[in-house]
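Q: Turn this into a structure:
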Amino acid sequence: MSAQRIGLLEYVGRQVHDSALSEDIVQEAYLRLLIFEAKPDNSVKNAPALLRRISLNLVRDHFRRVGRAPLVELSDAIPCPQPMIDQQLARKQLIELIAGILETMPSLRREVFIRRRVRGQSASEVALALGLSPSAVSNHVARAIFDLDSAIEKIEKRGGPVRD
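A: Okay, here's the model as predicted:
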């Protein structure tokens with residue numbers, strides 16, 4: 001651990017008197033510094049001073065929140081609103097699978113499908129933009145859905161999108 005980080009941890013620790021909270025605040029301070037530096041028009045001449053200021057502001061924000069919000073005990077019985085990691089992975093694999101299937105479609109069919117189903121354009125908007133009739137747009141969407149359904153069915157028969 002760098003001397004600068006240790007010093008910042010000690011500084012924050014003197015403010016909050018909680019080592020876990022100090023670690024969280026310092027980590028958040030470094031993250032905010034990196035985000036600030038990543039912007040093209042920003043440059044930091046004195047990173048330690050800026051880190052100290054960011055940390056102090058985070059400490060103040062923490063005490064403002066603690067003063068206003070009642071403490072709630074954490075419990076394993078409270079479900080997390082985010083999907084489980086395996087669900088997130090399955091969703092990511094499905095998106096990659098669908099993207100791959102879309103890449104194999106004829107370009108006009110893919111374009112019509114993306115405009116209708118992903119971007120939410122109406123059939124008349126897509127027809128006007130691509131020089132098609134609304135019925136041709138509907139036919140392209142139907143064929144794209146059939147292509148997706150067929151490809152997914154084949155993948156399911158072989159055991160899923162990921163082979164061992």
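
Q: Start from the N-terminal end of the chain and give the helices.
A: If DSSP state H is used as the criterion, the helices of the chain fall at 3-16, 19-38, 47-68, 85-104, 107-113, 123-130, 134-157.

Q: and of those, who's closest to Ser75?
A: Among the helices of the chain, helix 19-38 comes nearest to Ser75, with 18.0 Å by Cβ to Cβ. All C-beta atoms are positioned from the backbone trio N, CA, C, and that covers glycine.

Q: So the protein: which segments form each domain?
A: Here the domain parsing of the chain from automatic domain parsing is 3-68, 85-157.

Q: Below-threshold pLDDT in this protein: ranges please.
A: Counting by pLDDT under 70, the chain contains low-confidence ranges at 1, 68-74, 78, 159-164.

Q: so can I have a markdown table of the domains of the chain showing distance to Asp76?
A: Written out in a markdown table, the entries for the domains of the chain read as follows (distance: least, Cβ to Cβ, whole Å):
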| stretch | distance to Asp76 |
| --- | --- |
| domain 3-68 | 18 |
| domain 85-157 | 17 |
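
Q: Redo the ones you listed as CSV? Include distance to Ala77 and mean neighbour count.
A: As requested, the domains of the chain are arranged in CSV below (distance: least, Cβ to Cβ, whole Å; neighbours: other Cβ atoms under 10 Å):
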stretch, distance to Ala77, mean neighbour count
domain 3-68, 22, 14
domain 85-157, 20, 14
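
Q: want to throw the helices of the chain into TSV with distance to Ser75?
A: Listed next are these as TSV, based on distance: least, Cβ to Cβ, whole Å:
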stretch	distance to Ser75
helix 3-16	24
helix 19-38	18
helix 47-68	19
helix 85-104	20
helix 107-113	45
helix 123-130	49
helix 134-157	38
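
Q: mind listing what the most centrally placed residue in the chain touches?
A: The geometric centre of the chain, computed from its C-alpha atoms, lies nearest to Gln88 (Cα atoms, centre = their mean), at 10.8 Å. When the contact criterion is Cβ atoms under 8 Å, 6 or more residues apart in numbering, the partners of Gln88 are Gln82.
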